[in-house]
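1. Here is a sequence together with a model predicted from it:
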Amino acid sequence: MISDISHYSYFVKALLEGNIDDMTDTLSEICESMISTFDGSGKAAPENFYHGLVIGLIVELRDRYEIKSNRESGLGRYDVMLRPKDKKDNAIIIEFKSKRRIDNGRTLEELCDMVLKQIEDKKYETELLTAGFSKEKIIKLAFAFKGKELLIKKR
């Protein structure tokens with residue numbers, strides 16, 4: 001299913017395998033040990049910090065994937081898309097949401113569910129479907145953050 005991934009970082013291996021637990025553990029460790037709570041606390045769009053962090057972690061996939069950021073597809077604009085150069089690989093759509101006061105007490109779990117619904121409602125997979133990828137080969141990921149806490153869910 002997945003070609004040799006032994007040379008990729010732990011986070012990237014987990015991403016390619018769809019292993020949410022390992023992705024969460026790795027990103028949590030990075031957040032807890034290397035970033036400040038101020039890094040992701042901007043008033044305008046705190047998810048931009050996490051967006052950039054994840055792009056930095058996946059840049060090593062650029063030979064295998066076309067990595068796109070903030071592009072329009074369907075009825076909206078996704079945060080990150082990994083479009084494989086080999087259609088045997090899974091395509092991946094990633095959307096970020098940072099918990100703020102305006103989220104009316106929603107949990108990270110609820111934010112992830114909201115983000116996954118947004119990916120569906122806005123039809124972010126349209127670009128991939130048009131390019132000939134099957135729905136079964138598209139992984140949709142929601143990353144929800146509050147300071148250094150995070151949750152990742154997939155559909």
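-> Received it, and whenever you're ready, just let me know what you need. Treat the numbers as computed from the prediction; the structure is a model and nothing was measured. Numbers count the residues shown, from 1 in each chain.
2. residues in contact with the residue nearest to the spatial centre of the chain?
-> Central residue of the chain (Cα atoms, centre = their mean): residue 94, 2.9 Å from the mean position. When contacts are counted by Cβ atoms under 8 Å, 6 or more residues apart in numbering, residue 94 is found next to 54, 78, 79, 80, 81, 82, 141, 143. All C-beta atoms are positioned from the backbone trio N, CA, C, and that covers glycine.
3. Of these - the most surrounded one?
-> Most neighbours among the contacts of residue 94, by other Cβ atoms under 10 Å: residue 143, with 27 neighbours.
4. Which other helices and strands does the host helix or strand of that residue contact?
-> In the assignment (DSSP states H and E), residue 143 maps to strand 138-146. Under the contact criterion of 3 or more Cβ pairs under 8 Å, 6 or more residues apart in numbering; DSSP states H and E, the helices and strands touching strand 138-146 comprise helix 47-58, strand 91-98, helix 108-121, strand 149-154.
5. relative to strand 149-154, how tilted is that strand?
-> Between strand 138-146 and strand 149-154, the angle comes out at 160 degrees (axes from the mean of the first three to the mean of the last three Cα atoms, to 10 degrees).
6. Residue 132: which of the contacts of residue 94 is nearest?
-> residue 81 (14.9 Å; Cβ to Cβ).
7. Go ahead and confirm that closest one touches residue 70.
-> No - judged on Cβ atoms under 8 Å, residue 81 makes no contact with residue 70 at a distance of 9.7 Å.
8. Let me see the contact set for residue 106.
-> 99, 114.
9. tell me the pLDDT at it?
-> Looking at residue 106, its pLDDT reads 85.
10. what does the one 3 residues further on give?
-> The predicted structure scores residue 109 at 94 on the pLDDT scale.
11. on that earlier part again, so what strands line up beside the strand holding residue 143?
-> The pairing partners recorded for strand 138-146 under DSSP bridges are strand 91-98 (parallel), strand 149-154 (antiparallel).
12. Residues in contact with the shortest one: which ones?
-> When contacts are defined by Cβ under 8 Å, 6+ apart, strand 149-154 is touched by residues 18, 20, 23-24, 27-28, 31, 50, 108-109, 111-113, 115-116, 139-144.
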